[in-house]
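[1] Show me how the following folds:
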Amino acid sequence: MTIDDLIKIYETKKKKYGMQAYRHISNVLKEAKEQHRKDFSGNDHEQSWRAFKGKNLEKLIEYIITDEVRALGLQVVNGNILVRKQNFMMN
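    Residues are numbered from 1 along each chain as shown. This is a model prediction of the structure:
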């Protein structure tokens, strides 16, 4: 299970629910957890899942926001990029 797999699951929801797909993130995560369980080989699936979810939920939300903002003809800039540029300019 990767972020790309998570995005694919979201895209299936988007085809079904359209602009309201973001309301189904909990269902996306349920499906992803089941797939993660199938792919997992180790002792503690729950710990692995929490780490995966924590790392990738932010990426999924950024993907959703970026997709919607681009539809408006605008662009999204990740906050981490802005912080790095600010730190670079201060030095």
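[2] Give me the spatial nearest neighbour of the residue positioned nearest the centre of the chain, chain neighbours excluded.
    Centroid-nearest residue in the chain, with C-alpha atoms, centre = their mean: residue 60, separated by 1.4 Å. Of all residues not flanking residue 60 in the chain, residue 6 sits nearest, at 5.5 Å (C-beta to C-beta, 6 or more residues apart in numbering). All C-beta spots, glycine's among them, are computed from the backbone N, C-alpha and C.
[3] After whichever strand or helix holds that neighbour, which helix or strand is next? Please name it.
    Element membership for residue 6, per DSSP states H and E: helix 3-17. Counting by DSSP H and E, the next helix or strand C-terminal to helix 3-17 is helix 25-39.
[4] was I right about the residue nearest to residue 60 contacting residue 32?
    Yes. Counting by C-beta atoms under 8 Å, residue 6 does reach residue 32; the two are 5.3 Å apart.
[5] Just want the angle from the helix holding residue 6 to helix 25-39.
    Inter-element angle recorded for helix 3-17 and helix 25-39: 140 degrees (by axes from the mean of the first three to the mean of the last three C-alpha atoms, to 10 degrees).
[6] change the start of the numbering to 656 and stick with it
    Understood, numbering begins at 656; the last thing we discussed is helix 658-672.
[7] Could you point out the longest helix of this protein?
    helix 700-726 (DSSP state H).
[8] If you rank every helix and strand of the protein by mean pLDDT, what lands last?
    helix 734-745 (a mean of 67; mean pLDDT, DSSP states H and E).
[9] Give the residue spans of this structure that score low on pLDDT.
    Low-confidence segments of the chain (pLDDT under 70): 737-746.
[10] could you measure the closest residue to residue 725 other than its chain neighbours against residue 666, distance?
    Spatial nearest neighbour of residue 725, chain neighbours left out: residue 731 (7.6 Å); criterion: C-beta to C-beta, 6+ apart. Going from residue 731 to residue 666 by C-beta to C-beta, to the nearest Å gives 18 Å.
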